[in-house]
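Participant: any chance you could fold what I've pasted below:
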Amino acid sequence: MSALAQQLLLGLLIGGLYGLAAAGLSLVFGVLKVLNVAHGELIMLGGYGAFWLVALLDLDPFAALLLVLPLALALGLGLYWGLFGFVVRADEETRIKNSLLIGFGLALALHALAVRLWTADERSIVTPYGGAVISVDGLSIPVVRLLSLALAFALIGGVHLLLAHWRWGKAIRATAEDWQAALLTGIDVRRAYLLAFAIGTGLAGAAGTLVSIGYSISPSIGLEWTLKALIVVVLAGLGSMLGTFVGGLVLGVAEAASASVFGGPYREVVGLVLFVVVLVVRPRGLFGR
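Facilitator: Sure, this is the predicted structure:
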């Protein structure tokens, strides 16, 4: 029972990263109706950005997040203007088809570029407090992963407040609900799309930073994290940032439980099973609105 509780705790900690990774994808798909399958590669770039900031400038890895986040926002602006801004001019069905093509091409290009620049070796950020743990009732809580969970929740909560109270946050929500009605009320729909895509990319960069601190990164992690984000989006549904975060926690705990009961090789299977079950039983997700 003690080993199971420890596994569930670790699953909860990585579930926070799943939720943060999925939040950006959920926001972009919910607002733009664009499925960016290169989302995992954006997470990978965020991880490498944090790694090199720490290696070259000797920054604390969590402080590097303050630099990675604006850089990721700027990257999101550039990708929208250069690629995805053309996709949103089409109807919603065509948007999904075209965004899949562009996303796959972008994912391949970013993967090849990462291998070319940084090789295929795995890298991770080593910190002086990387091995620190907090013991509570026989459970060991890694400090780095606990801080990552807290930061992930803070970022999700910040975006939730922006969407709820910021003027352009309300415009983004209105555009997601009905872009034609939003346009008739005077909302600049294109700007709402731009801001939503930039925020989604910023969340991906932040997720990559936290992944590089607690785990390892390489050019090949993009597909894995894209699949995790898609599973969480389907599990949680669209329309709630906090719901997406909870969906990530649910996936993390479910993976940990399956690994403890059935063995490590089945850890990845449970996510796919949840994906199919939720699609069949509740297509709009657990928290979809």
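Participant: pull stretch 75-83 out as CSV, backbone CA atoms only.
Facilitator: Extracted in CSV, the C-alpha atoms of stretch 75-83 (Å, rounded to 0.1, in the frame of the first residue of the first chain):
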residue,chain,number,x,y,z
LEU,A,75,7.2,32.5,-31.2
GLY,A,76,3.4,32.1,-31.0
LEU,A,77,2.9,35.5,-32.6
GLY,A,78,5.3,34.6,-35.4
LEU,A,79,3.8,31.2,-36.1
TYR,A,80,0.3,32.7,-36.3
TRP,A,81,1.4,35.5,-38.7
GLY,A,82,3.5,33.2,-40.8
LEU,A,83,1.4,30.0,-40.9
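Participant: can we start the residue count at 44 from this point?
Facilitator: I'll keep to 44 as the first residue from here, and by that count the last item is stretch 118-126.
Participant: list the buried ones in that stretch?
Facilitator: By 16 or more other C-beta atoms under 10 Å, the buried positions in stretch 118-126 come out as 118-120, 122-123, 126. To be clear about C-beta, it is placed using only N, CA and C from the backbone, and glycine gets the same treatment.
Participant: contact partners of stretch 45-58?
Facilitator: With contact meaning C-beta atoms under 8 Å, 6 or more residues apart in numbering, stretch 45-58 is reached by 181-185, 188-189, 191-192, 257, 291-300, 302-303.
Participant: just how off-centre is it within its chain?
Facilitator: A distance of 20 Å separates the centroid of the chain from that of stretch 45-58, by C-alpha atoms, centre = their mean, to the nearest Å.
Participant: about what we covered before: closest to residue 74 among the buried residues of stretch 118-126?
Facilitator: residue 123 (11.6 Å; C-beta to C-beta).
Participant: need the pLDDT of the closest one.
Facilitator: Residue 123 is assigned 94 on the pLDDT scale.
Participant: which ones are touching it?
Facilitator: 236-237, 240-241.
Participant: now with 6 Å, please.
Facilitator: 237, 240 (C-beta atoms under 6 Å, 6 or more residues apart in numbering).
Participant: export the buried residues of stretch 118-126 as TSV, with columns for distance to residue 82.
Facilitator: What follows is those, written out as TSV (distance: C-beta to C-beta, whole Å):
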residue	distance to residue 82
118	12
119	11
120	16
122	11
123	14
126	13
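Participant: secondary structure added to these, as JSON lines?
Facilitator: Shown next, in JSON lines, are the buried residues of stretch 118-126 (DSSP: H, G, I helix; E, B strand; the rest coil):
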{"residue": "118", "secondary structure": "helix"}
{"residue": "119", "secondary structure": "helix"}
{"residue": "120", "secondary structure": "helix"}
{"residue": "122", "secondary structure": "helix"}
{"residue": "123", "secondary structure": "helix"}
{"residue": "126", "secondary structure": "helix"}
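Participant: and those residues, which is closest to residue 203?
Facilitator: residue 119 (18.5 Å).
Participant: so what secondary structure elements neighbour the lowest-mean-pLDDT helix or strand in the chain?
Facilitator: Ranked by mean pLDDT, DSSP states H and E, the weakest helix or strand in the chain is helix 310-324, scoring a mean of 80. When contacts are defined as 3 or more C-beta pairs under 6 Å, 6 or more residues apart in numbering; DSSP states H and E, helix 310-324 sits against helix 264-279, helix 284-305.
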